[in-house]
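Colleague: sharing a model prediction with you, sequence too.
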Amino acid sequence: MVAGARFACVLRFDMKKIQARLIRYLCILAPLAAANPQADRSLASRASSERPRIVLKATLDDETISPGTAKYLRRVIAEANERRAECVVIVLDTPGGLLASTRKLTKQILASRTPVVVYVAPSGSRAASAGLFVTLASHVAAMAPGTTIGAAHPVQLGGFPLDPRPNESPGRKGGASEEEEEEEEEEEKEAKKTERTASRSPRSPSEQKIINDTVAWVRALARLRDRNVEWAVDAVEHSVSITAADAVERNVVELLAQDVDDLLEQLDGREVSTPAGPFVLHTAGAEVESMPPWWGERVLSLISHPNVAFLLMIFGFYGMLFELYNPGWGVRGTLGVICIALALFGLAVLPVNYLGLILIAIALALMVAEVFVTSYGALAVAGAACLVLGGVMLVDSPAGFTRVSLGVVLPVSLATVAITLLLVSGIVRSHSAPVRTGGEGLIGETGRVASNFAPSGDVFHGTVAVHGERWNAVSGQPLKSDELCQITGRDGLTLNVKPTHRLTAPDEE
């Protein structure tokens, strides 16, 4: 008992020494951990280096920012978050896009836990209009040599600038001294301020509201990513565009890369800030996995283009129109219904101007009325005018999205008028032409008397051969066999005939 008690006391004493030693170690390590916030990040980087590193690549090749584009990039970003990819590289080449789709896309990029890198490539590409906002929203922005960025001035209905007053950015002239260059830069800055103040006066309140909202949006994105705010505002207010080298020099984008491999080499080791916290990129030697859009996203992007939606609506009208001129229901009517359904789906995701849609409906109604009203083409011409105006006004986007092209509207309008007039002329000809079938088709024909006509009251009865058939006939004059006669009418199975002075029947000529 004494030995057991002594052993318990020794064990209790050793446990106290161990606890005191652990407390001492923790007190020493805690300040070190607090003084080194990179410890957790280095552990995360070490863990990420132990697993296969992948980079997901999405490509927007000369494509407008549309609902299909937004859905495609949302899927890519979601998969990158799920697979813990190093980053998402968006290879961008766009002339612009829809305001609503651009805002959705920038929100997805800003909320992404995986860094999103926008790479304007290949050479000759541009990030114009909506592309500027997507580029500024990215965690890292890069451009290939020979690319451009900018020209994000809002446009009004019909695609014309709200205040088209371009302003050249300051630049140095060869052969001038440094003092002269500085004076010229100061003068240009003062001129720019004066022009901004003067340019605001002729704008309507709605136009000024659109510009102010767009300027505030681009300023917020540039400040969030610590990029050139002044140039971004100029790109919106004055449609300024610059090359890739100037963009890097002016802190519009961070990197100038020859290709994707060069981009990944430059990204390696760069630290970016995400909603999940700071993140260190490890892209050197990472596996690049392309993420092409699937067929549903391609179809959505295709039919949501204004030109395609307009053409689908017109083709659907053609199919329904041709089907109405033929008995029953066939392939043309079915295809027409499908085209109209796709057109309505595409228009549902576009900023449709309902005045333009009403004008198109009026135009199609006038085209149909031309068939039933004798206007000698006046209704068709009026319908063509409404179709042109409605097509140009169909898509109303203040963000520079491609509207229905005039090069599409004019040929379609002329073709619709030509088809309508062709159908009308065909219907008129068919109505004015003599009947060629049935008993009515015999009226006016020439036949041969098959037997002598015998008197019966006030008329003479006999038989007539016409079109290879033998008919009972009556005449007000007696007719002899083999004489020619002309059919003047029909009463049931009896023909009314009269003598003719022709020597031969039509079958014998």
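Modeller: Nice, I can see it. The shown structure was predicted, so the numbers you read here are calculated from the model rather than taken from an experiment.
Colleague: what sits up against stretch 359-375?
Modeller: Stretch 359-375 is contacted by residues 313, 317, 321, 377, 379-380, 382-387, 389-391, 393-394, 413, 416-417, 420-421, 423-424, 427 when judged by Cβ atoms under 8 Å, 6 or more residues apart in numbering. C-betas here are computed from N, CA, C, even on glycine.
Colleague: in helices only, show me those.
Modeller: The members of these that map onto helices under DSSP state H are 313, 317, 321, 379-380, 382-387, 389-391, 393, 413, 416-417, 420-421, 423-424, 427.
Colleague: among those, name the buried ones.
Modeller: Among those, those classed as buried by 16 or more other Cβ atoms under 10 Å are 313, 317, 321, 379-380, 382-384, 386-387, 389-391, 393, 413, 416-417, 420-421, 423-424.
Colleague: I'd like to know how many residues surround the nearest residue to residue 299 once chain neighbours are set aside.
Modeller: Excluding the flanking residues, the one nearest residue 299 by Cβ to Cβ, 6 or more residues apart in numbering is residue 68, at 7.7 Å. Neighbourhood size, residue 68 [other Cβ atoms under 10 Å]: 24.
Colleague: what about residue 68, helix or strand, and which?
Modeller: Under the criterion of DSSP states H and E, residue 68 resides in helix 67-83.
Colleague: my guess is residue 86 contacts residue 55. True?
Modeller: Yes: using Cβ atoms under 8 Å, residue 86 is in contact with residue 55, at 5.3 Å.
Colleague: shared neighbours, those two?
Modeller: Common neighbours of residue 86 and residue 55, using Cβ under 8 Å, 6+ apart, are 283, 286.
Colleague: so for stretch 478-492, mean pLDDT?
Modeller: Average pLDDT, stretch 478-492: 84.
Colleague: stretch 357-368 too?
Modeller: Stretch 357-368 shows a mean pLDDT of 87.
Colleague: roughly how far out does that stretch sit from the chain middle?
Modeller: Chain-centre distance of stretch 357-368: 23 Å, with Cα atoms, centre = their mean, to the nearest Å.
Colleague: and residue 123, what's its pLDDT?
Modeller: Residue 123 is assigned 93 on the pLDDT scale.
Colleague: before we move on, what about residue 23?
Modeller: 56.
Colleague: how about residue 423?
Modeller: 69.
Colleague: what's the answer for the one 4 residues further on, then?
Modeller: In this prediction, residue 427 carries a pLDDT score of 60.
Colleague: ok, back up a step: mind listing what the residue nearest to residue 299 touches?
Modeller: Residue 68 makes contact with 293, 297, 298, 299, 300, 301, 302, 304, according to Cβ under 8 Å, 6+ apart.
Colleague: I figured residue 498 hits residue 477, correct?
Modeller: Yes: counting by Cβ under 8 Å, residue 477 is a contact partner of residue 498 at 7.0 Å.
Colleague: for the spatially most central residue of the chain, grab phi and psi.
Modeller: Centroid-nearest residue in the chain: residue 305, 2.1 Å away (criterion: Cα atoms, centre = their mean). Per-residue torsions, residue 305: phi -80, psi 130 (degrees, to the nearest 10).
Colleague: what does residue 220 give?
Modeller: phi -60, psi -40.
Colleague: give me the neighbour count for it.
Modeller: Other residues close to residue 220 by other Cβ under 10 Å number 15.
Colleague: do the same with residue 369
Modeller: Neighbour count of residue 369, defined by other Cβ under 10 Å: 15.
Colleague: assign it to helix, strand or coil.
Modeller: Following DSSP: H, G, I helix; E, B strand; the rest coil, the label given to residue 369 is helix.
Colleague: ok, it to residue 377 distance?
Modeller: Taking Cβ to Cβ, to the nearest Å as the measure, residue 369 falls 12 Å from residue 377.
Colleague: residue 84 too?
Modeller: Distance of residue 84 to residue 377, given as Cβ to Cβ: 67 Å.
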